[in-house]
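**Student:** Any chance you could fold what I've pasted below:
(2 chains)
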Amino acid sequence: MKLLVCISKVPDTTSKINFVDNNTKFDESGVQYIVNPYDEWYALVRALELVEKHGGTVTTITVGTNADDPTIRKALAIGANDAVRIDANPNDPFFVAKQIANYASNENFDIVLTGKETINYNGSQIGGMVAELLDVPYISLATKLDVDGETATLERDVQGGVEVVEVNTPFVLSASKGMAEQRIPNMRGIMAARTKPLNVIPAVEIENLTSVLSYSLPDAKSGCKYIDPENMDELVDLLHNEAKVI
Amino acid sequence: MSVLVFIEAKSKVSKAALEAVSYGSKIGSTTVITYGNINEQELNIIGEYGGEKILVNRSLNESNDQQLTNLISAAVEHTGANVVVISQDQTGKSIGPRVAAKLNAGHVSGAISLPETANGFVVNTNVFSGKAMAKIAVHSEIKVISLLPNSHAPVKTNGSATIEEFNADLGEGKIIVKELKTQGEGIPLPEAELVVSAGRGLKGPENWGIVEDLASTIGATTACSRPVADIGWRPHHEHVGQTGIAIRPNLYIAAGISGAIQHLAGVNGSKVIVVINTDSEAPFFKAADYGIIGDAFEVLPRLNEAFKKFQSSQN
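**Tutor:** Numbers count the residues shown, from 1 in each chain, chains lettered A, B, ... in the order given. Got it, this is the predicted structure:
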């Protein structure tokens, strides 16, 4: 089995979110980067489990600059065989998808796995775009994946429930909570990761279809109004007359 | 501008679908594309929310990403639409980016505002799990917008829509649905306007009756914090937060949840937050509109009674 896992770096979940340069850039000062949890905990770990069971290789792919290398090494330490980095700034989802699809189209991967979204841009975009560019099915929000030969069985979240689906390889999926459990890399993995191949490939030229003009922070709450726990009639009255939500 | 709105309406036109139709009609002349066996009477509701024409494909019954993408792009060609709007529910997440890639169109994921068109085409979106917003400029000729549920209130107009059957070459469906495990009746969390949620402060799954009673009184959907889902007190589909579901209800009532930053990321799009906690130092109070420092075991039943009293006074 030949598996490709898309890996992205994101600010740690406890990071303070601020912007600089007239609100056009994310303020990176003091921010620690991690592998996007959906990419790591679910997509990567499930890919490794499948290869441990059925044999094969797990390659990670990242569109980014050398600032991404530490998080790529982390993915290698968890157990990926090798890594590819397309050397470019990932500013537009279509640009990123096109780079990944361009690489994958020559490599005959059985499954391309992504996390269901990154926790910074929350776009949920790369998997669907890559699938369209490769002309293969896309199973989004998958919580379970098993493979038997060329046939995969998955569970995915749909409106009002969970769908059990069957699909033949090759396909693309986005992994959601439940697909696997987080793995902590051990010392041997960390040592091995230093010498595993990280191939840097130039990007193909594509125009960006979107760009971020600026960022803003939500208006701060005006402060919490405390209500006597004995007096819930007052809360109901405020929800009706002041907040107008009831 | 000419707008195409895709809605999934297997038997009923959902609130999220009406939001997308209403949103589209604010941008331009709106055609709606849908599929399945839904009856015309139900489809007529779309006209009341700004849809002018409805194209319905009767040959497709299952949500299959490649076939839906082909259906939508055929409808784009048929109508000459330059803006495509899709509600960003689970199906929308699956096909929105796919449709954009097929049309070579820039895609706005998680839109929370109408486009500003004074200078280009700019839409506000949610980023950093709701902790910030971004203005996204779309440069392509066709634009695809995935609209976040509960971010555009549907507005009723006095219009009506014509309904046409629409056939197109959809190709083969490669995903075979073996089984659908439903989560039962009730409003799904991403669409819910009222949500009652509880956390470890409830001390055990056997105590959830007071949460469910309050939810049923006001017609709310129940939710929970991550630890509660992880230890199996509540099902995973109820987990709201950074790694669970992100919601934007009008009212979020949280009992016995301290308000870790990861939980806030999933709920800070709520219009009004009520926090009930015994610990006056719980970080959640900083994000709350109304706070009650007290024991959920006493406060929730009392709040339930107060709502009942209010409801009977309204009748």
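
**Student:** what about the closest residue to chain A within the stretch 201-315 of chain B, how many neighbours?
**Tutor:** Nearest to chain A, among the residues of the stretch 201-315 of chain B, is B:Gly294, at 3.0 Å (C-beta to the nearest C-beta). Any C-beta I mention is one placed from the backbone N, CA and C, and that applies to glycine too. If you count neighbours by other C-beta atoms under 10 Å in any protein chain shown, B:Gly294 ends up with 20.

**Student:** got a list of what it touches?
**Tutor:** Contacts for B:Gly294 (C-beta atoms under 8 Å, 6 or more residues apart in numbering or on different chains) come out as A:229, B:276, B:278.

**Student:** Please report how far the second one lies from B:Leu202.
**Tutor:** Meaning B:Ile276. 11 Å (C-beta to C-beta, to the nearest Å).

**Student:** Mutual contacts of the two, please.
**Tutor:** In contact with both B:Ile276 and B:Leu202: B:255-256, B:296, using C-beta under 8 Å, 6+ apart.

**Student:** neighbouring contacts of the longest helix belonging to chain B?
**Tutor:** Assignment by DSSP state H gives helix B:296-314 as the longest helix of chain B. Identification of contacts with helix B:296-314 by C-beta under 8 Å, 6+ apart yields A:229-230, A:232-233, A:235-237, A:240, A:246, B:198, B:201-202, B:207, B:210-211, B:213-214, B:217-218, B:253, B:255-256, B:276-278, B:292.

**Student:** quick one: pLDDT of whichever residue of chain A sits closest to chain B?
**Tutor:** Using C-beta to the nearest C-beta, the point where chain A gets nearest to chain B is A:Pro229, with a distance of 3.0 Å. Per-residue confidence (pLDDT) for A:Pro229: 97.

**Student:** any idea how far the closest residue to it other than its chain neighbours lies from A:Ile227?
**Tutor:** Computed as C-beta to C-beta, 6 or more residues apart in numbering or on different chains, the closest residue to A:Pro229 that is not its neighbour in sequence is B:Gly294, at 3.0 Å. Computed as C-beta to C-beta, the B:Gly294 to A:Ile227 distance reads 9 Å.

**Student:** try B:Lys156
**Tutor:** Distance of B:Lys156 to A:Ile227, given as C-beta to C-beta: 34 Å.

**Student:** Between the two, which is the more surrounded one?
**Tutor:** Per other C-beta under 10 Å, whichever of B:Lys156 and A:Ile227 has more neighbours is A:Ile227, with 22 against 11.

**Student:** List the contacts of that one.
**Tutor:** A:234-235, A:238, B:290-292.

**Student:** Mind putting the residues you listed into CSV with pLDDT and distance to A:Ser105?
**Tutor:** Listed next are those as CSV, based on pLDDT from 0 to 100; distance: C-beta to C-beta, whole Å:
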residue, pLDDT, distance to A:Ser105
A:Glu234, 97, 63
A:Leu235, 97, 58
A:Leu238, 96, 58
B:Tyr290, 98, 54
B:Gly291, 97, 55
B:Ile292, 98, 57
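
**Student:** In strands, which of the residues you listed appear?
**Tutor:** B:290-292 (DSSP state E).

**Student:** Which positions in the stretch 201-315 of chain B make contact with chain A?
**Tutor:** B:218, B:236-237, B:239, B:242-244, B:246, B:250-251, B:261-262, B:265, B:268, B:271-272, B:274-275, B:285-295, B:298-299, B:302-303, B:305-307, B:309-310 (C-beta under 8 Å from any C-beta of the partner chain).

**Student:** hmm, try it at 7 Å
**Tutor:** Within the stretch 201-315 of chain B, the residues that sit near chain A (C-beta under 7 Å from any C-beta of the partner chain) are B:236, B:242-244, B:250-251, B:261-262, B:271-272, B:285, B:287-294, B:298-299, B:302-303, B:306-307, B:309-310.

**Student:** Can you list the residue ranges for strands in the stretch 101-250 of chain B?
**Tutor:** Per DSSP state E, counting those that start in this stretch, the stretch 101-250 of chain B carries strands over the ranges B:106-111, B:122-127, B:132-138, B:143-147, B:162-165, B:176-182, B:194-198, B:221-224.

**Student:** quick one: the fourth one near chain A?
**Tutor:** Read it as strand B:143-147. No: judged by C-beta under 7 Å from any C-beta, strand B:143-147 makes no contact with chain A; its nearest approach is 8.3 Å.

**Student:** So what touches that strand?
**Tutor:** B:19-20, B:23, B:82-88, B:92, B:96, B:99-100, B:103, B:105-111, B:121, B:123 (C-beta atoms under 7 Å, 6 or more residues apart in numbering or on different chains).

**Student:** got the contact list for the residue nearest to B:Leu103 when sequence neighbours are not counted?
**Tutor:** Residue nearest to B:Leu103 in three dimensions, not counting chain neighbours: B:Ile142, with 5.0 Å by C-beta to C-beta, 6+ apart. Listed by C-beta under 7 Å, 6+ apart, the contact set of B:Ile142 reads B:76, B:82, B:84, B:103, B:105.

**Student:** One more pass at 6 Å, please.
**Tutor:** B:82, B:103, B:105 (C-beta atoms under 6 Å, 6 or more residues apart in numbering or on different chains).

**Student:** Now the phi/psi pair for it, please.
**Tutor:** Note on B:Ile142: its backbone torsions stand at phi -100, psi 140 [degrees, to the nearest 10].

**Student:** Can you give me the pLDDT of it?
**Tutor:** So, for B:Ile142, pLDDT stands at 98.

**Student:** B:Glu185 too?
**Tutor:** Per-residue pLDDT puts B:Glu185 at 67.

**Student:** so where's the chain shaky on pLDDT?
**Tutor:** As the question left the chain open, I've gone with chain A. Applying pLDDT under 70 to chain A flags no residue at all.

**Student:** Actually, chain B is the one I wanted.
**Tutor:** Residues of chain B that meet the cut-off, pLDDT under 70, sit at B:184-185.

**Student:** how does it divide up, domain by domain?
**Tutor:** B:2-165, B:189-314 (automatic domain parsing).

**Student:** residues touching the residue nearest the centre of chain A, list them.
**Tutor:** What sits nearest the mean C-alpha location of chain A, by C-alpha atoms, centre = their mean, is A:Gly115, with 3.4 Å. A:Gly115 makes contact with A:36, A:38-39, A:43, A:175, according to C-beta under 6 Å, 6+ apart.

**Student:** out of these, who's near chain B?
**Tutor:** By C-beta under 6 Å from any C-beta of the partner chain, no member of these lies near chain B.

**Student:** As JSON lines, the residues you listed with distance to A:Ile61, secondary structure and neighbour count would be great.
**Tutor:** JSON lines is the format used below for the contacts of A:Gly115 (distance: C-beta to C-beta, whole Å; DSSP: H, G, I helix; E, B strand; the rest coil; neighbours: other C-beta atoms under 10 Å in any protein chain shown):
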{"residue": "A:Asn36", "distance to A:Ile61": "13", "secondary structure": "coil", "neighbour count": "25"}
{"residue": "A:Tyr38", "distance to A:Ile61": "15", "secondary structure": "helix", "neighbour count": "24"}
{"residue": "A:Asp39", "distance to A:Ile61": "10", "secondary structure": "helix", "neighbour count": "31"}
{"residue": "A:Ala43", "distance to A:Ile61": "11", "secondary structure": "helix", "neighbour count": "33"}
{"residue": "A:Ala175", "distance to A:Ile61": "15", "secondary structure": "strand", "neighbour count": "31"}
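
**Student:** Please identify which pair of the residues you listed lies farthest apart.
**Tutor:** The distance between the two most remote of these (C-beta to C-beta) is 10.7 Å, for A:Asn36 and A:Ala175.
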